[in-house]
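# fold the following.
(4 chains)
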2 protein chains.
Amino acid sequence: MRTMKPQVAEKEMDRLADLAKALSHPARVKILDILNRRNACICNELVDEFPLAQSTVSQHLKELKRAGLIMGEIDGPRTCYCLNPDGIAEMKKIFHDFTQTFKGK
Amino acid sequence: MRTMKPQVAEKEMDRLADLAKALSHPARVKILDILNRRNACICNELVDEFPLAQSTVSQHLKELKRAGLIMGEIDGPRTCYCLNPDGIAEMKKIFHDFTQTFKGK
DNA sequence: AACAATCATCGCATATTTACGATATACGAT
DNA sequence: ATCGTATATCGTAAATATGCGATGATTGTT
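Prediction:
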């Protein structure tokens, strides 16, 4: 044991950067917030919340899916999006662990 | 009072996205970690920690400064970087508030 | 079968990011 | 004054991100 300091491992920092990238656009943060407050959401409804084209929203959804934060379930001609509990839990843990390493309130 | 749900305001979500952008590169996450574990750090020492050119590290430092997470104090021919306590505190609060809005562990 | 609706993907344009080497600036030492 | 060290900034190239409209694929409806 070389140090006692609460450390965040290299891999966790890489994953943190990856999650942060997924959150690095306001539209994506807001999508997560919407999916959280409603329990799930048809893609269409999401599009209505933004001044963005449908294809653009779809791309943002893809990035959130890539990061493991949401899931999309095909339901007839629609796609129903919801949070991915595992990804959200991981995000909570990693952000918590990281921010906790900093002293102060 | 229109809703009781714990909400993260639009502005906070925008700031979250901005902070996330600053954390969206592994090198920048690691710089914060280094500055946290040592109390402060000469730019030069930082450069040695990465397989990156000095100018590249300097750019990453600039982005972290832009986001308000670090400060650079000129000290003779060197620049001594350290965490910006206010920015770090804000980051902790905003990430905490946001992640807390999600149910589950 | 034809049509409308929903959504992902493609192609493209533009903007931003990332990285580097070269240069400029500032300072300390000789 | 010259030189070396440390660092920021500039110019540039390549990669990635962002946004849009058009197109495709799928499904439900008529």
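
# quick check: A:S58 vs A:E45, distance?
Distance from A:S58 to A:E45, counting by C-beta to C-beta, to the nearest Å: 13 Å. C-betas here are computed from N, CA, C, even on glycine.

# same check, this time on A:P51
15 Å.

# okay, how far is it across stretch A:42-53, tip to tip?
Distance between the two ends of stretch A:42-53: 15 Å, counting by C-alpha to C-alpha, to the nearest Å.

# and chain A, which residues reach DNA strand C?
Counting by C-beta under 7 Å from any atom of the strand, the residues of chain A lying close to DNA strand C are A:42-44, A:47, A:54-55, A:58-59, A:61-62, A:72, A:77-80.

# looking at A:P51 and A:E45, which is more packed in?
Regarding A:P51 and A:E45, a neighbour count based on other C-beta atoms under 10 Å in any protein chain shown identifies A:E45 as having more, with 14 against 6.

# which helix or strand contains the more buried one?
Secondary structure from DSSP states H and E places A:E45 in helix A:43-48.

# buried residues in that helix, which are they?
Counting neighbours by 16 or more other C-beta atoms under 10 Å in any protein chain shown, one finds that the buried residues in helix A:43-48 are A:46-47.

# same thing with stretch A:70-78?
Under 16+ other C-beta under 10 Å, the buried positions of stretch A:70-78 are A:70-72.

# the helices in chain A, which residues?
When assigned using DSSP state H, the helices of chain A occupy the ranges A:10-22, A:26-37, A:43-48, A:54-66, A:85-100.

# give me the contacts around the fourth one.
Helix A:54-66 is contacted by residues A:22, A:25, A:27-28, A:31-32, A:43, A:46-47, A:50, A:52, A:70-72, A:81 when judged by C-beta atoms under 8 Å, 6 or more residues apart in numbering or on different chains.
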